[in-house]
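Engineer: what follows is a predicted structure for the sequence shown.
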Amino acid sequence: MFSVNHPLLYLLASIVIVYVLGQSIFFFYQAWKEALRLGLEKKILKRAVLGSAVFTIAPAFAILIGLLSLSKFLGLPLPWLRLSVLGALTYELPAAASVAKIMDLSLDQPVGSAAAFNAMAWVMTLGILAGIFVILFFQKSMAGGLRKMRSKDEAWSKIMMDSLFIGMISAFLGMVFSDVGKGLGGMIPIFVLLFSAFLMILWGFLIKRYNWHWLESYALPLSMLGAMAFAIPLSYWLV
């Protein structure tokens, strides 16, 4: 009988993840050597590494939550592979849910059909490849166009980039805020968003008022972690 947690799936996922980790270690080592060759001090490099490591803590918690959410019906190997290498919960969950809806499957229990599991895996994989191909074939021309625009009108270039970013975030927020009109439980994303904004304002005040410039590198991850922690009791009270 098919199992979403079959040992073979763990083995295949482990091979890919170990390969990607090997790439990360290799290029980190090469970048460190090149930085030393260019004359950068080890103290500066260690500070950059530490700041980058701390900055990944909040996204790592978000990925862990996504892993637990997907593992409920897809098991651990596939979500572990997807979220460790390429995927994001904001994409993976809607992709899998769309297949489950078409095949009339429940997301409250593990997928028991190999055909359904394969369909979800293929939709999740093929759907996200569009971004990879766009970067591969069009990134150079897109970057050139942005540089050309910046040279002509820097103010308009900034407005356009901010608009693209807000548009991207808005596309993700559609699913998050789709239940806003369904009572207090649907308002949880709004309350979490406001609390996160409050934390960011608080960090900004501390930085400006007390010159805590060290906090600048940690303001975003601290706001994300604080908002996620705030969402836990809020969900318990309102749902």
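Structural biologist: Thanks, I have the structure now. In this text the structure is predicted, and so the values were computed from the model without any measurement.

Engineer: hey, let's count contacts and neighbours off CA atoms from now on
Structural biologist: Fine.

Engineer: contacting residues around the spatially most central residue of the chain?
Structural biologist: For the chain, the residue sitting closest to the mean C-alpha position, by C-alpha atoms, centre = their mean, is Ala88 at 5.0 Å. With contacts defined as C-alpha atoms under 8 Å, 6 or more residues apart in numbering, the neighbours of Ala88 are Ile63, Gly66, Arg82.

Engineer: ok, now with 7 Å
Structural biologist: Applying C-alpha atoms under 7 Å, 6 or more residues apart in numbering to Ala88 gives no contacts.

Engineer: do the same with Ser71
Structural biologist: Pro79.

Engineer: and if you look at the one 10 residues further on?
Structural biologist: For Leu81, the contacting residues are Ala13, Ile17, by C-alpha under 7 Å, 6+ apart.

Engineer: if we use 8 Å, what do you get?
Structural biologist: Ala13, Ser14, Val16, Ile17.

Engineer: hey, which helix is longest across the protein?
Structural biologist: helix 114-152 (DSSP state H).

Engineer: how far does the following helix or strand past it sit from its chain's centre?
Structural biologist: Next helix or strand after helix 114-152 toward the C-terminus (DSSP states H and E): helix 154-176. Distance, stretch centre to chain centre, for helix 154-176: 17 Å (C-alpha atoms, centre = their mean, to the nearest Å).

Engineer: residues contacting the following helix or strand past helix 154-176, please?
Structural biologist: Using DSSP H and E, the helix or strand that follows helix 154-176 in sequence is helix 188-210. Outside of helix 188-210, the residues within contact range by C-alpha under 8 Å, 6+ apart are 176-177, 180, 212-213, 215-216, 219-220, 223-224, 226-228, 230-231, 234-235, 238.

Engineer: do you know the pLDDT at Ser170?
Structural biologist: The model reports Ser170 with a pLDDT of 80.

Engineer: how about Ser151?
Structural biologist: At Ser151, pLDDT is 85.

Engineer: okay, now the domains of the protein?
Structural biologist: What automatic domain parsing lists as the domains of the chain is 7-152, 177-239.

Engineer: Met168 is nearest to which of those?
Structural biologist: Closest of these to Met168 is domain 7-152, at 11.7 Å (criterion: C-alpha to C-alpha).

Engineer: how far does the closest one sit from its chain's centre?
Structural biologist: 8 Å.

Engineer: number of nearby residues for Val99?
Structural biologist: 19 (other C-alpha atoms under 10 Å).

Engineer: tell me which residues touch it, please.
Structural biologist: Ala116, Ala119, Met120, Val123.

Engineer: out of those residues, which comes closest to Phe28?
Structural biologist: Of these, the one sitting nearest to Phe28 (C-alpha to C-alpha) turns out to be Val123, at 32.4 Å.

Engineer: how many other residues sit next to the closest one?
Structural biologist: Neighbours of Val123 (other C-alpha under 10 Å): 15.

Engineer: same check, this time on Met1
Structural biologist: Neighbours around Met1, by other C-alpha under 10 Å: 6.

Engineer: try Leu173
Structural biologist: 13.

Engineer: can you check Phe117 too?
Structural biologist: Residues near Phe117, counting by other C-alpha under 10 Å: 21.

Engineer: same check on Gly127?
Structural biologist: With other C-alpha under 10 Å as criterion, Gly127 counts 13.

Engineer: can you list the weak-confidence ranges in this structure?
Structural biologist: Along the chain, the parts satisfying pLDDT under 70 run over 58-59, 62, 87.

Engineer: can you pull out the residues in contact with stretch 149-165?
Structural biologist: Contacts for stretch 149-165 (C-alpha under 8 Å, 6+ apart): Leu146.
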